[in-house]
Structure formats: C-alpha cells, structure tokens
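K.L.:
Compute the structure for the input listed below.
(one chain, ligands or ions: 1)
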Amino acid sequence: MPAEAVVRVRELVKTYPARRGRRGAPGTPAVRASDGVSLTVRHGEIFGLLGPNGAGKSTLVRQLTGLLRPDAGGIDVLGHDLVRHPRRAARLLAYLGQESTALDELTVTLAAETTGRLRGLAAAAARRECDTVLDELNLGPLADRPLRRLSGGQRRLACVAAALVGERPLLVLDEPTTGMDPVARRAVWSAIDRRRAEHGATVVLVTHNVIEAELVLDRVAVLDRGRVIACDTPAGLKAVVGEDVRLELVWRDRPPLELPEVAALHRSAVTAGRRWTLRLSQQDARAAVAAVTGGPAFAALDDFTLATPSLEDVYLALGGHTEGLVKA
Ligand SMILES: Nc1ncnc2c1ncn2[C@@H]1O[C@H](COP(=O)(O)OP(=O)(O)OP(=O)(O)O)[C@@H](O)[C@H]1O
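P.N.:
Predicted structure coming up:
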C-alpha cells in the first residue's frame, strides 16, 4: 500500500439476501448494495461519498468500519486488513452512524465523555477533550440535557461532538450535518477541517448535499446502485460537463407541450414534476431562454434559472438519478 493511502477498498461486494414475506406479506428481493467498489483515500483528505438514496453509501461505510462483513473484496485501513480483523476498526477510526439511539439517554457531556473513555482516554483527558469539543460546536448551553430531549439538529450535533472526542486518525461520518441549521453546519465543517489541519486526520464522509460537497470535499466518489460511477476532485468532475450551463424551468402548472419550442426542450430535459432541468451549450441555453420568455410559453412559466455546472450536473451527465440529491 502506498504510504499516503489511509483507506484502500478493493472490489467490495455486499448483497443483502432476499427475505420471504411473513403471513402473505410481500417479501424483499436480494439487493447488491456494493457491486465491486474500489477506491483509495489518501492521508489528510476529506473524501466524500455522494449519491442518491439507496446508492449504497451507508452499506459501504458500515463495511469500512468493520460493522458489516463484505461478501467479497478487501478493506485496508492504515495497513490493517479489516475484513479479517474487523475489531481493529475501533482503534483506527471514529464512526458517526445515521442513528444515535445508543446515546439517547445520556446528557451531551456524558455522551462525549463516555465515548472518549471508551476510546481509551483517562477521565481527566476525556473531560478536557469534551469541554473543548462542546465549546467548538457551541454546545455549552445544552451540555446537561439528555440527547433525547434535544431537537433533531441539536442531537446530531451532540453525536458529532461525541465522534470527535478521543482522537482517531480516520473519521468516518455518515451524513454528519443532516438536519442542522447553517450555523451548526459551519461549526461542524470547521471542527472537521481543524482535525485535518492540526492532527493530520483523514475524513471519509457521506453526503447527498451537492452544494456542501463542492465546498468541503477534496475528492468525491459518486455512487449509483452500488457502483462508483466517478471519482475525482469536484473541479475535475465538473470538467466532465465542460462549458455547458444548466437551465432550470419551473412551470406554473402543466407545461404547454403543444408549443413546438417547448416540445423541443422537453426531449432533452430531465423532468421532476413541474421542474425541468436541461444541460445546454451556452449558445443553446440563450436560444432556449429567448424561446420560453419571448413567446406564448412565457405565460405558463413560473420561474427559470441559468447556472454554471454543479456536481448535480455531473451526476446527471454520468447517468445518475437525482431524486435523492439535495440541492441546497
Ligand atoms: N439491512 C438491509 N437489508 C436489506 N437491504 C438493505 C439493508 N440496508 C440497506 N439495504 C438496501 O441496500 C441498498 C443500499 O442501501 P444504503 O443504506 O447503503 O444506501 P445509502 O446510499 O446509504 O442511502 P441513503 O442515502 O438513503 O442513506 C438499498 O437498496 C437498500 O434498500
């Protein structure tokens, strides 16, 4: 393994078995949630896994953290074979899963301190680190509240705090900022970045927020149906769509498909209800805007935007499905 690689995943395969339904209820078919995933995360990177609901992101990180055993393939974290030795994961990485039920009865302070103690910190050190992290994430005022008495975003923030106590060289975070307001999100991103800058931590995180992904990630693997369909820097991925721009049209009600200029756009649009998204050359985008704003189509139009490409456009260009991607 090259010195700079912290995580190396090779040809990972995981299929959830089919289940027969009980008492006439429909069963569930087998799902191949990791379908030959290979990727390498380098030292000090903030590496993202992006993809819609059900793409296989959580399945991948649960295997990375030793919680789920792959059917085939290899996982190497800092030179340790985690398929053969899944329990070593606890020493190598801090994991923030999607659920927090294990900590719900504890206060914010106790959740963070206990996690630190479980990671081998002495009582005084755990307390010290806990104070620092609660301060960093502006959780001081909520320190004595049990997690179950917090709002969804506050609880998530408390779980991030717990994940950050008791330093680990690798942080694996499954949608760390879900449900948080912008201030909390910013605090989380700076806390993560500080771990990287000051302690050389490497971060793997799951997100479906494409805007956030562009801002914080060094590299991103785009997952779709258990496969990595692209892996590059956000800028590198955006080069896939070149100089194109994105035109979004939102219709008031039913789009007037009887108008030829609208019917022509419909053929290349990705539609989601009243919203159409088109990726066009700059010249074609200008012509399209002129066509829908200059003629009878305008009366049926609620809103339109022209934007430079985002990761979402890359995702569309790669043939992904955007239903599960969050755009703001
Ligand atoms: N325990 C399970 N048993 C059976 N199928 C599962 C199980 N967990 C996940 N799946 C299926 O595996 C696929 C991948 O799920 P996974 O949770 O990894 O996706 P994800 O990309 O993390 O999605 P989300 O963004 O919604 O969290 C989905 O089709 C899901 O329905």
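
K.L.:
Please list all residues in contact with residue 172.
P.N.:
61, 64-65, 93-96, 203-205 (CB atoms under 8 Å, 6 or more residues apart in numbering). No exception for glycine: its C-beta is placed from N, CA and C like everyone else's.

K.L.:
Next: residue 150.
P.N.:
108, 142, 158.

K.L.:
Let me have these in TSV, extended by pLDDT.
P.N.:
Output for the contacts of residue 150, formatted as TSV (pLDDT from 0 to 100):
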residue	pLDDT
108	95
142	95
158	95
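
K.L.:
of the residues you listed, closest to the ligand?
P.N.:
residue 158 (20.3 Å; CB to the nearest ligand atom).

K.L.:
Who are the contact partners of that closest one?
P.N.:
So residue 158 contacts 100, 103, 108, 111-112, 139, 142, 147, 150 (CB under 8 Å, 6+ apart).

K.L.:
what are the C-alpha coordinates of the helix or strand where it lies, in CSV please?
P.N.:
Per DSSP states H and E, residue 158 falls inside helix 152-164. What follows is helix 152-164, C-alpha atoms only, in CSV (Å, rounded to 0.1, in the frame of the first residue of the first chain):
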residue,chain,number,x,y,z
GLY,A,152,-33.1,16.6,15.7
GLY,A,153,-30.3,19.0,14.6
GLN,A,154,-29.1,19.5,18.2
ARG,A,155,-28.9,15.8,18.7
ARG,A,156,-27.0,15.3,15.5
LEU,A,157,-24.5,18.0,16.7
ALA,A,158,-24.1,16.2,20.0
CYS,A,159,-23.3,13.0,18.2
VAL,A,160,-20.7,14.8,16.1
ALA,A,161,-19.2,16.1,19.3
ALA,A,162,-19.0,12.5,20.7
ALA,A,163,-17.4,11.3,17.5
LEU,A,164,-14.7,13.9,17.7
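
K.L.:
Adjacent strands (with direction) for the helix or strand following that helix?
P.N.:
Using DSSP H and E, the next helix or strand after helix 152-164 towards the C-terminus is strand 170-174. With DSSP bridges as the test, strand 170-174 is paired with strand 93-96 (parallel), strand 202-207 (parallel).
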